[in-house]
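Participant: Just to be clear, the model below is a prediction. Sequence and coordinates:
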Amino acid sequence: MKAVVFDWAGTMVDYGCFAPLAVFLQVFKKRGIELTAAEAREPMGMLKRDHIQALCKMERVAALWQERYGRLPNEADVDELYADFEPMLMATLHEYATPVPGAIELVGRLREQGFKIGSTTGYTREMMNVVAASAKQQGYEPDVLITPSEVPAGRPYPWMCYQNAILLDVYPMNEIVKVGDTTSDMKEGRNAGMWTVGVLKGGSELGLSLEEVTSMPQEELDKKLAIATERLMAAGAHYVIEEIGCLDEVLKKIEMRHAEGERP
């Protein structure tokens, strides 16, 4: 293994992936559509306009729209929702760039071992300029950052991962590991032909704050972790880890499988 390509929000920064959640809820509520948090999180990891489009296609959401407006949501509606979404998100993004516990230390260990560090995201370049600058001030800066703005399409397409490989000068793709917290991350990694690892705590699939994770009864937390694990595995994860700091052990397992000739 030569490189690791990390997702950003919910994986390396913004524990629980809360930055976009409230904004998705607000822009739909403004139009009389009450999303649930689970619905708002469902397409997480996608380019944000694609995310809104996916929300509009959900059966319950489309039915509510039909009931209120007498028709299904169309592309013009998606554009209007996104026009509201982007400035609202941009206004608060800098507050959601704190590295998750263990992330900075992990990157330090990986670099000591010679790994190159790449990254992909569901945010646009303009959004990531805010997040990356704040994260850098707090100690996290990957070698490469690619956003959907630089490629033909975002997740689940593999183009951002391919561009990471080009800029990191790493080939073949099976010598790169993709790490993320959403089903779209898993699909992106698998579509790119990479070993793919899902993260639970701090991620959008679990959808809990650090305080909630630490205070929740273990039995209840275990049930939520099991559900999130199942979703990530179903989306193509080769491995699922509880916390980002646990990646080292999985990398050793991938190295062994790779050395034995196994490929993702």
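Facilitator: Here it is on my side, so go on. Residues are numbered from 1 along each chain as shown.
Participant: Residue 17 belongs to a helix?
Facilitator: No. With DSSP: H, G, I helix; E, B strand; the rest coil as the criterion, residue 17 is located in coil rather than a helix.
Participant: Report how many residues lie close to the spatially closest residue to it that is not a sequence neighbour.
Facilitator: Leaving out its chain neighbours, the residue that sits closest to residue 17 by C-beta to C-beta, 6 or more residues apart in numbering is residue 10, at 3.2 Å. C-beta: built from backbone N, CA, C; applies to glycine. When counting by other C-beta atoms under 10 Å, one arrives at 29 neighbours for residue 10.
Participant: contacting residues around the most centrally placed residue in the chain?
Facilitator: Closest to where the C-alpha atoms of the chain average out (C-alpha atoms, centre = their mean) is residue 45, at 4.1 Å. Residue 45 makes contacts with 7, 10, 122, 155, 180, 181, 182, 183, 184, 185, 188, 204, as judged by C-beta atoms under 8 Å, 6 or more residues apart in numbering.
Participant: Name the SS class of it, please.
Facilitator: Classification of residue 45 by three-state DSSP places it in coil.
Participant: Looking at per-residue confidence, what score does it get?
Facilitator: Per-residue confidence at residue 45 stands at 90 (pLDDT).
Participant: At which residues are the helices of the protein located?
Facilitator: Remark: helices assigned in the chain by DSSP state H are 19-29, 37-41, 48-57, 59-69, 75-90, 103-112, 125-137, 159-168, 183-191, 210-215, 218-234, 247-259.
Participant: among those helices, which is nearest residue 174?
Facilitator: helix 247-259 (7.2 Å; C-beta to C-beta).
Participant: what residues go with each domain of this structure?
Facilitator: 3-17+96-259, 19-94 (automatic domain parsing).
Participant: So which of the ones you listed is the most surrounded?
Facilitator: Ranked by mean neighbour count, those are led by domain 3-17+96-259 with a mean of 20 (mean count of other C-beta atoms under 10 Å).
Participant: Go ahead and confirm residue 40 touches residue 18.
Facilitator: No. With contact defined as C-beta atoms under 8 Å, residue 40 does not reach residue 18; the gap is 10.8 Å.
Participant: For the residue nearest to residue 127 when sequence neighbours are not counted, which residues are in contact?
Facilitator: Leaving aside its chain neighbours, residue 127 sits nearest to residue 93 (6.0 Å; criterion: C-beta to C-beta, 6+ apart). The contact partners of residue 93, by C-beta under 8 Å, 6+ apart, come to 19, 123, 127, 130, 131, 134.
Participant: The last one and residue 99 touch, don't they?
Facilitator: No. Taking C-beta under 8 Å as the definition, residue 134 is not a contact partner of residue 99, at 10.0 Å.
Participant: ok, back up a step: between the helices of the chain, which one is nearest to residue 197?
Facilitator: Among the helices of the chain, helix 247-259 comes nearest to residue 197, with 5.7 Å by C-beta to C-beta.
Participant: Touching that closest one from outside, list them.
Facilitator: Residues contacting helix 247-259 (C-beta under 8 Å, 6+ apart): 1, 4, 106, 109, 174-175, 177, 179, 195, 197, 238-239, 241.
Participant: how about 7 Å then?
Facilitator: When contacts are defined by C-beta atoms under 7 Å, 6 or more residues apart in numbering, helix 247-259 is touched by residues 1, 106, 109, 177, 179, 195, 197, 239, 241.
Participant: again with stretch 123-137
Facilitator: Stretch 123-137 is contacted from outside by 8, 13, 48, 89-90, 93-94, 97, 99, 121, 141, 145, 147-150, using C-beta under 7 Å, 6+ apart.
Participant: Ok, stretch 65-80 next?
Facilitator: By C-beta under 7 Å, 6+ apart, the residues outside stretch 65-80 that reach it are 32, 33, 49, 52, 53, 56, 62.
Participant: Repeat the analysis, applying 10 Å as the threshold.
Facilitator: Stretch 65-80 is contacted by residues 27-28, 30-33, 49-50, 52-58, 61-64, 81 when judged by C-beta atoms under 10 Å, 6 or more residues apart in numbering.
Participant: hang on, the earlier thing: which one in the contacts of helix 247-259 is the model shakiest on?
Facilitator: Among the contacts of helix 247-259, residue 1 carries the weakest pLDDT, at 94.
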